[in-house]
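In: Structural data only, the sequence is not supplied:
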């Protein structure tokens, strides 16, 4: 399972931030491998684990697991600039939470528009993240930029790896207007790796004469065997 230790560590970290007593990392790793292996066999797929408070047992957690085939992954994405407002970090910057209505509404809007994903912006008009992804923008000067977690973006596993392994990466406030002049817009997550955005709201985007070199570089490092985690 790709980035197994990172996923287990992120799940424990987020649980603690929400006041949940997370299982041991080894327990989570064994559950992910065991359930994924039994249900997927030798096929590629996605295993999703969620933790929640047990309403009938104070202090206890319930664990839910879903498994699905990997399915088709396009080489370039058409995205929707969602007109709703991202809800922000909600007091827990970077945490991945279930049941956030904005994500569900943005995904539904993207599906209705025939888009692959949606970009979410905050009340000030700054880019936060994709409905399923973190976003990296290659600015006109070649800088690799991503929205700061304080605006509400999830601290995804793929985002973490890019920051660790690409020295040119930095956080920056990204107004909606910047996207029109971007050389590349790249969506990343631990499942699909890195994929370039080809269209926003039906209009072509990206102005790099060399194709999409940052997308290719990020995709390669996300699919490679990861280095040991820092202590």
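Out: Ah, there it is. Quantities reported herein were computed from a predicted structural model and do not represent experimental measurements. Residues are numbered from 1 along each chain as shown.
In: buried set for stretch 27-36?
Out: Residues 28-29, 31-32, 36 are the ones in stretch 27-36 that count as buried (16 or more other C-beta atoms under 10 Å). C-beta coordinates here come from the backbone N, C-alpha and C atoms, glycine included.
In: With stretch 187-205 instead?
Out: Taking 16+ other C-beta under 10 Å as the neighbour-count basis, stretch 187-205 is seen to contain the buried residues 187-200, 205.
In: cool, stretch 129-148 as well?
Out: Across stretch 129-148, burial judged by 16+ other C-beta under 10 Å covers 129-138, 144-148.
In: Nearest to residue 3 among those residues?
Out: Using C-beta to C-beta, the shortest approach to residue 3 within the buried residues of stretch 129-148 belongs to residue 134, at 14.0 Å.
In: Low-confidence regions, the chain specifically.
Out: Flagging of the chain using pLDDT under 70 yields the residue ranges 225-231.
In: what about the strands in it?
Out: If DSSP state E is used as the criterion, the strands of the chain fall at 45-53, 61-69, 76-81, 117-121, 127-130, 134-138, 144-146, 169-171, 184-189, 193-200, 203-204.
In: For those strands, give me TSV that also has distance to residue 154.
Out: Conversion of these to TSV gives the following (distance: least, C-beta to C-beta, whole Å):
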stretch	distance to residue 154
strand 45-53	14
strand 61-69	18
strand 76-81	17
strand 117-121	11
strand 127-130	6
strand 134-138	7
strand 144-146	12
strand 169-171	14
strand 184-189	9
strand 193-200	16
strand 203-204	26
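In: Of all these, which one is nearest residue 153?
Out: Nearest of those (C-beta to C-beta): strand 127-130, 4.2 Å.
In: Summarise which helices and strands the closest one is packed against.
Out: Using 3 or more C-beta pairs under 8 Å, 6 or more residues apart in numbering; DSSP states H and E as the contact criterion, the elements in contact with strand 127-130 are strand 117-121, strand 134-138.
In: Mind putting the ones you listed into CSV with distance to residue 107?
Out: Supplementary listing: the helices and strands packed on strand 127-130 in CSV, determined by distance: least, C-beta to C-beta, whole Å:
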stretch, distance to residue 107
strand 117-121, 6
strand 134-138, 15
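In: Please narrow the buried residues of stretch 27-36 to those residing in helices.
Out: The helices, defined by DSSP state H, take in 28-29, 31-32, 36 from the buried residues of stretch 27-36.
In: how much space is there between residue 31 and residue 23?
Out: 8 Å (C-beta to C-beta, to the nearest Å).
In: Mutual contacts of those two, please.
Out: Between them, residue 31 and residue 23 have residue 63 as joint contacts when contacts are counted by C-beta atoms under 8 Å, 6 or more residues apart in numbering.
In: Give me the domain ranges for this protein.
Out: Under automatic domain parsing, the residue ranges defining each domain of the chain are 4-69, 76-223.
In: Give me whichever of those is most buried.
Out: Neighbour counts (mean count of other C-beta atoms under 10 Å) averaged over each of these peak at domain 76-223, with a mean of 18.
In: Between the two ends of that domain, how far is it?
Out: Counting by C-alpha to C-alpha, to the nearest Å, the length from the leading to the trailing residue of domain 76-223 is 17 Å.
In: What of stretch 206-219?
Out: End to end - C-alpha to C-alpha - stretch 206-219 spans 17 Å.
In: Then stretch 79-91?
Out: Its first and final residues considered, stretch 79-91 spans 28 Å by C-alpha to C-alpha.
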